[in-house]
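Student: just coords:
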Ligand code: NIG
Ligand code: FE
């Protein structure tokens, strides 16, 4: 689709000159252009620059958008979600408000297993319908690419049902949808006395089936005590790689188990959470070039500790931010809200959070060659926000400033 966005008051390009991600002080460099224009042709960015340098004569029927009261950003890339689920867990929210912890609730049979019960009973059609509704809400908040994990099925049929549903949404929906297989999200109740038996089912049956049908780009594992230990996690991620899925790890979320070191060892694309990462883990991520994906909404919603964003950035780890949108640990999908929490609680600068939600998020999905910044040749995925300057996006929180989301050059007007 074609579109000319003209007279943009402030354009945030996050231009990286072909670098897949930004690290260290470069995360601060978000490539701002004042009085700018962006030309989108056939879904790609064809020109970016200052308005007074635009020379081309455009055809009369070229759709135009006036950006004179707006700031334009690259579309947000939410690289970690569990947004396909059934029902909700508002009851757990109430229990937590009375002092129960996330782990107390999980030990009592709630938590992830609560959602598993509901997803097993839901039809593929129901799962698709609720996820599509959330997807369209996310797009209204500026998200143009989203990763969706399985992990609420935990048996062969239900995990495949989730994978098929996610892949069908990827075909049908406007947003870019990236499917991740997370069969190793928790030990299902029927395997409680035989966790290795479940690991064998994941490795011998689920991964080969999903790999053969190319249903997942990534294989993820919840590497945590009480879930999957380092040995089990490594075996699962190796099996995923053997069947064409790049690795991701839920690492060091509740304890410093060494998930970050494992992510480095298996050559994972990203290590996610990292609330309890150690100095060794930080060094390992840096040395292996693994993206560290931080999920500030989880720490906020569960009142847990925050990941050491400053240490990660200072060590040169490429830091991304994602929502982790899921019914248990973060019932929110607004990327601007994640930016606010990251600035307030992790001492990230607004500029760093913008890089983390765009280019570095795309890197966490191996997509930064085509997404994550506003540069000629990349997908025309953009967000238009009616604010006075880019910092206001995170600063003025609790309201939606997005007026238009543009996906592959197609304009979506936000009512
Ligand atoms: O990333 N940590 C594991 N999984 C999710 C929570 C999922 C749930 O509670 O349903 C997370 O926080
Ligand atoms: Fe998660």
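Tutor: Right, received. Where do you want to start? Keep in mind that what you see is a predicted model, and the values were worked out from it rather than measured. Residues are numbered from 1 along each chain as shown. Ligands and ions are numbered 1, 2, ... in the order given.
Student: Would you check that residue 315 makes contact with residue 284?
Tutor: No: with contacts counted by Cβ atoms under 8 Å, residue 315 stays clear of residue 284, the gap being 10.2 Å. Where you see a C-beta, it was placed from the backbone N, CA and C, and this is true even at glycine.
Student: So between these two, which is more surrounded?
Tutor: Using other Cβ atoms under 10 Å as the criterion, residue 315 and residue 284 rank with residue 284 on top: 21 against 18.
Student: contacting residues around that one?
Tutor: In this structure, residue 284 makes contact with 260-261, 263-265, 290, judged by Cβ atoms under 8 Å, 6 or more residues apart in numbering.
Student: How about the residues of the chain by ligand 1?
Tutor: By Cβ under 6 Å from any ligand atom, the part of the chain that sits against ligand 1 consists of 82, 111-112, 115, 222, 250, 253, 298, 324, 326-329.
Student: tally of neighbours for the residue in the chain positioned nearest to ligand 1?
Tutor: Per Cβ to the nearest ligand atom, the residue of the chain with the smallest distance to ligand 1 is residue 328, at 2.3 Å. As a burial measure, the neighbour count of residue 328 was computed by other Cβ under 10 Å and equals 25.
Student: That one: what secondary structure?
Tutor: When states are read from DSSP: H, G, I helix; E, B strand; the rest coil, the local structure at residue 328 comes out as coil.
Student: Show me where the stretch 251-400 of the chain has its helices.
Tutor: Applying DSSP state H, counting those that start in this stretch to the stretch 251-400 of the chain gives helices spanning 259-265, 279-288, 296-302, 309-314, 335-346, 350-357, 359-363, 392-395.
Student: Next: the stretch 51-200 of the chain.
Tutor: Counting by DSSP H, counting those that start in this stretch, residue ranges of the helices within the stretch 51-200 of the chain are 90-97, 102-107, 112-121, 124-140, 156-172, 195-201.
Student: Tell me which of those sits nearest to residue 217.
Tutor: Proximity of the helices of the stretch 51-200 of the chain to residue 217 was assessed by Cβ to Cβ; the nearest stretch is helix 156-172, lying at 9.7 Å.
Student: average pLDDT for the closest one?
Tutor: Confidence for helix 156-172, expressed as mean pLDDT, is 98.
Student: how about it: buried residues?
Tutor: Neighbour-count burial for helix 156-172, with 16 or more other Cβ atoms under 10 Å as criterion, is recorded at 158-170.
Student: Burial check on residue 330, number of neighbours?
Tutor: Other residues close to residue 330 by other Cβ under 10 Å number 24.
Student: Beta-bridge partners for it, please?
Tutor: residue 326 (DSSP bridges).
Student: That one: what's it in contact with?
Tutor: 295, 297-298, 300-301, 323-324.
Student: Dump these into TSV; add neighbour count as well.
Tutor: TSV is the format used below for the contacts of residue 330 (neighbours: other Cβ atoms under 10 Å):
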residue	neighbour count
295	30
297	25
298	27
300	19
301	20
323	29
324	30
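Student: and which of those residues is nearest residue 53?
Tutor: Compare each of the contacts of residue 330 with residue 53 using Cβ to Cβ and the shortest gap goes to residue 323, at 36.5 Å.
Student: isn't that closest one right up against residue 335?
Tutor: Yes: with contact taken as Cβ under 8 Å, residue 323 and residue 335 are classed as touching, separated by 6.5 Å.
Student: Mutual contacts of these two, please.
Tutor: Any residue near both residue 323 and residue 335 by Cβ under 8 Å, 6+ apart counts here, and that gives residue 78.
Student: what's the neighbour count on residue 174?
Tutor: Per other Cβ under 10 Å, the neighbour tally for residue 174 reads 14.
Student: and the nearest residue in space to residue 391 that is not next to it in sequence, what does it touch?
Tutor: Nearest in space to residue 391, with sequence neighbours left out and distances taken as Cβ to Cβ, 6 or more residues apart in numbering, is residue 350 at 4.6 Å. By Cβ under 8 Å, 6+ apart, residue 350 lies in contact with 339, 343, 390-391, 393-395.
Student: Give me the pLDDT value at residue 350.
Tutor: At residue 350 the predicted local distance difference test score is 98.
Student: What is the burial count for residue 411?
Tutor: 17.
Student: wait, it sits on residue 4?
Tutor: No: under the criterion of Cβ under 8 Å, residue 411 lies out of contact with residue 4, with a separation of 11.0 Å.
Student: Determine the residues that are contacts of both of the two.
Tutor: 63, 65.
Student: which sections of the protein are below the confidence cut-off?
Tutor: Nowhere does the chain drop to pLDDT under 70.
Student: Now the spatially most central residue of the chain. Nearest residue, chain neighbours left out?
Tutor: With distances taken as Cα atoms, centre = their mean, residue 79 lies nearest the centre of the chain, 1.9 Å away. Closest residue in space to residue 79, ignoring its immediate chain neighbours: residue 364 at 3.9 Å, by Cβ to Cβ, 6+ apart.
Student: quick one: contacts for that neighbour?
Tutor: Residues near residue 364 by Cβ under 8 Å, 6+ apart: 77, 79-80, 147, 248, 269-270, 291, 293, 320, 322.
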